[in-house]
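Trainee: Provide a 3D model corresponding to the input given below.
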Amino acid sequence: MAQEFTFTVNGVEHTTTQNKPLLRYLRDDLHIHSAKDGCSEGACGTCTIHVDGAAVKACVLTTALAAGRDIVTVEGLPENVREAFVYAFGAVGAVQCGFCIPGMVMAGAALIAEDPEPTEEQIKYAIRGNVCRCTGYKKIIEGIALAAAVLRGEKQIDEDLERGDDYGVGKRAFRIDVRKKVLGEGKYPDDIDEIDQPGLTYASAVRSKYPRARVLSIDTSKAEALPGVVGILRAEDVPVNQVGHLIQDWDVMIAQGDITRCVGDAIVLVVAEDEATLEKAKKLVKIDYEPLEPVRNIVEAKAADAPRLHDSFFAFGNTVELKDCLLYTSPSPRDRG
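Mentor: Take a look at the predicted model:
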């Protein structure tokens with residue numbers, strides 16, 4: 001008989017026979033998406049939850065280790081705590097993209113539960129394992145401090161601020177997406193599942209393990225023959241295979257015969273009906289490389305014999321070709337028409 005693991009999540013008892021990362025159980029089985037999957041390695045803190053009152057990263061805890069524990073996500077925090085963080089983070093402007101915010105809230109809430117009047121240094125220490133990719137730490141620290149003051153009764157929630165009736169130049173603005181992002185209700189691509197989109201398929205790239213290598217051959221035949229594989233896309237399947245902001249110089253995928261420019265360059269994109277099939281199919285893709293000497297730093301890049309990273313790129317409506325350090329531009333296909 002399979003071993004069972006029982007624990008409570010937000011006051012409800014759950015039992016599973018699967019021993020897997022708790023984060024995957026919360027997201028895949030319980031469809032709790034406030035715990036974000038930013039790294040799956042315990043490095044970023046976006047999946048921070050409370051386990052018996054302590055802030056813990058859900059991706060490094062397994063369902064077996066969680067047995068008998070009391071687990072709380074943002075959804076299970078007391079209502080006054082939730083409202084304090086919504087107001088505080090909105091009032092100080094702590095929310096930007098919002099991906100890290102539920103984890104920051106959980107780290108801050110655990111600290112406040114332990115010490116209702118935390119110092120700035122204590123707050124910094126509490127979120128030391130939480131990464132904000134927007135680099136908004138100053139405002140997040142201020143937000144946690146304000147939430148603590150609200151919960152102590154020293155500050156009051158200004159409901160008019162969130163409502164936003166009084167606004168204008170020079171006045172504080174409460175972002176309209178603060179509440180959803182603070183409470184983990186904002187939907188990011190990884191939060192969309194079969195409940196949102198019945199018949200959802202899954203895609204993932206097979207990526208280069210070399211910083212610089214020529215792709216000699218790509219064999220996807222075994223992967224394509226696997227039941228449940230919807231298709232496999234290559235560089236030639238992408239109408240415009242270069243992306244970027246002002247200058248489009250990053251290949252979406254590296255074509256056969258071309259050279260990779262960094263570890264992790266995408267070679268093919270595998271699409272499957274479910275995640276298990278997707279992972280099996282990726283392992284069946286065979287790619288042969290010719291490893292080349294990489295460019296490791298600026299000094300090597302400036303050398304006379306340094307390899308050229310790009311022969312051409314797309315910028316401001318023109319294709320720019322690099323020939324012996326000279327630039328040649330040609331109009332885009334849109335302009336030629």
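Trainee: mind listing the strands for the stretch 51-200 of the chain?
Mentor: 54-57, 70-72 (DSSP state E, counting those that start in this stretch).
Trainee: Make CSV out of those strands and add distance to residue 216 and mean neighbour count.
Mentor: Quick note: C-beta positions are derived from backbone N, CA and C, even for glycine. Output for the strands of the stretch 51-200 of the chain, formatted as CSV (distance: least, C-beta to C-beta, whole Å; neighbours: other C-beta atoms under 10 Å):
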stretch, distance to residue 216, mean neighbour count
strand 54-57, 40, 21
strand 70-72, 49, 20
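Trainee: Go through the ones you listed and name the closest to residue 249.
Mentor: strand 54-57 (35.7 Å; C-beta to C-beta).
Trainee: tell me what the closest one is packed against?
Mentor: Where contact means 3 or more C-beta pairs under 8 Å, 6 or more residues apart in numbering; DSSP states H and E, strand 54-57 is packed against strand 48-51, helix 101-114.
Trainee: Please identify which of these is closest to residue 146.
Mentor: Among the helices and strands packed on strand 54-57, helix 101-114 sits nearest to residue 146 (C-beta to C-beta), with 10.3 Å.
Trainee: Am I right that residue 253 is in a helix?
Mentor: No - judged by DSSP: H, G, I helix; E, B strand; the rest coil, residue 253 forms no part of a helix; its state is coil.
Trainee: For it, which non-adjacent residue is closest in space?
Mentor: Nearest residue to residue 253, sequence neighbours excluded (C-beta to C-beta, 6 or more residues apart in numbering): residue 235, at 4.2 Å.
Trainee: Residue 100 too?
Mentor: According to C-beta to C-beta, 6+ apart, the nearest residue to residue 100 is residue 132 (4.8 Å).
Trainee: Relative to residue 103, how far out is the closest residue to residue 178 other than its chain neighbours?
Mentor: Excluding the flanking residues, the one nearest residue 178 by C-beta to C-beta, 6+ apart is residue 90, at 3.8 Å. Separation of residue 90 from residue 103 (C-beta to C-beta, to the nearest Å): 17 Å.
Trainee: And for residue 56?
Mentor: Where residue 103 is concerned, residue 56 sits at a distance of 11 Å (C-beta to C-beta).
Trainee: Find residues that contact each of these two.
Mentor: Taking C-beta atoms under 8 Å, 6 or more residues apart in numbering as the contact rule, residue 56 and residue 103 both touch residue 48.
Trainee: Format the helices and strands packed on strand 54-57 as TSV; extra columns: mean neighbour count and distance to residue 206.
Mentor: TSV is the format used below for the helices and strands packed on strand 54-57 (neighbours: other C-beta atoms under 10 Å; distance: least, C-beta to C-beta, whole Å):
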stretch	mean neighbour count	distance to residue 206
strand 48-51	25	31
helix 101-114	25	30
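Trainee: Quick one: list the elements packing against the longest helix along the chain.
Mentor: Assignment by DSSP state H gives helix 137-152 as the longest helix of the chain. Applying 3+ C-beta pairs under 8 Å, 6+ apart, one finds that helix 137-152 makes contact with helix 79-92, helix 101-114, helix 120-126.
Trainee: gap between the first one and the chain center?
Mentor: Meaning helix 79-92. Taking C-alpha atoms, centre = their mean, to the nearest Å, the mean C-alpha location of helix 79-92 is offset from the chain mean by 23 Å.
Trainee: who's in contact with that helix?
Mentor: By C-beta under 8 Å, 6+ apart, helix 79-92 touches 74, 94-95, 101, 105, 108-109, 112, 139-140, 142-147, 150-151, 157-158, 161-162, 172, 174-175, 178-179, 182-183.
Trainee: The residues you listed, buried ones only, as a PyMOL selection?
Mentor: For the buried members of the contacts of helix 79-92, the matching PyMOL selection, counting by 16 or more other C-beta atoms under 10 Å, is:
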select buried, resi 74+94+95+101+105+108+109+112+139+140+142+143+144+145+146+147+150+151+157+161+162+174+175+178+179+182+183
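Trainee: Show me where the stretch 1-150 of the chain dips below the pLDDT cut-off.
Mentor: Under the criterion of pLDDT under 70, none of the stretch 1-150 of the chain is flagged as low confidence.
Trainee: Swap in 80 and give it another go.
Mentor: Judged by pLDDT under 80, the stretch 1-150 of the chain has its weakly predicted residues at 1, 135.
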